[in-house]
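Peer 1: model the structure of this input:
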Amino acid sequence: MTPTEIFDSMRTRLLADLPTYEADVLADDVVVETPFAAPGQPTRTVGKQQVLDRTRAGRAAFPVRFDDCRNVVVHQTADPDVIVVEYELVGTHTSTGVTTSAPFIGVLRTRDGKLAHWREYQHTLAIAQAMLPPR
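Peer 2: Alright, predicted model coming up:
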C-alpha cells in the first residue's frame, strides 16, 4: 500500500469506530509515536502486537465517536514512502453528546507497502477540553 492508502485506511477505521490499524498493514517493527500524549500515556509504542493491543484498548476506553475527518491535506515529500498529513477530527462525546473538533498533523512512513512509522502531533488542549463535562 502507498502511504496515502494507509492513511485512508486509518481514517476509514476511525470513522467506523474501529481500532486505527489492521494487522496486515503494520510492519512487524512498526513504531507509533505521539510526542504530545496526555500525561500518563506512552509517547512511543514499538512492535505490531503492542501497537494493536494499545490501539484496541485505547479505542475501547476513549468515550468519543468520530464523526468526521475533514480538512485533510496530504503533503508528498521527496521520499515516496513518506507523507505529512494535516487533518481535523470531529467527534462526539458518547456520554455528554458534546461535539467538538481538534487539529492533528501526522508523519507517515511505509516500508514494503506496510506502515513502518506513524508520528502524530495532537492538539492535546482541545482534546482535554472536549473530555470535560458540559457547563
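Peer 1: my guess is residue 110 contacts residue 1. True?
Peer 2: Yes: contact status for residue 110 versus residue 1: in contact at 7.0 Å, counting by C-beta atoms under 8 Å. C-beta here means a position set from N, CA and C on the backbone, and glycine is covered the same way.
Peer 1: which stretches of this protein have low pLDDT?
Peer 2: In the predicted model of the chain, residues 125-135 satisfy pLDDT under 70.
Peer 1: now whichever helix or strand residue 55 is part of - C-alpha only, PDB.
Peer 2: Using DSSP states H and E, residue 55 sits within helix 48-61. The C-alpha coordinates for helix 48-61 follow below in PDB (Å, rounded to 0.1, in the frame of the first residue of the first chain):
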ATOM      1  CA  LYS A  48       3.000  -4.800  15.700                       C
ATOM      2  CA  GLN A  49       1.300  -6.600  18.600                       C
ATOM      3  CA  GLN A  50       2.000  -3.800  21.100                       C
ATOM      4  CA  VAL A  51       0.500  -1.300  18.700                       C
ATOM      5  CA  LEU A  52      -2.500  -3.400  18.000                       C
ATOM      6  CA  ASP A  53      -3.100  -4.000  21.800                       C
ATOM      7  CA  ARG A  54      -2.700  -0.400  22.700                       C
ATOM      8  CA  THR A  55      -4.900   0.800  19.900                       C
ATOM      9  CA  ARG A  56      -7.700  -1.600  20.700                       C
ATOM     10  CA  ALA A  57      -7.600  -0.700  24.400                       C
ATOM     11  CA  GLY A  58      -7.400   3.000  23.700                       C
ATOM     12  CA  ARG A  59     -10.300   2.900  21.300                       C
ATOM     13  CA  ALA A  60     -12.400   0.900  23.800                       C
ATOM     14  CA  ALA A  61     -11.600   3.300  26.600                       C
END
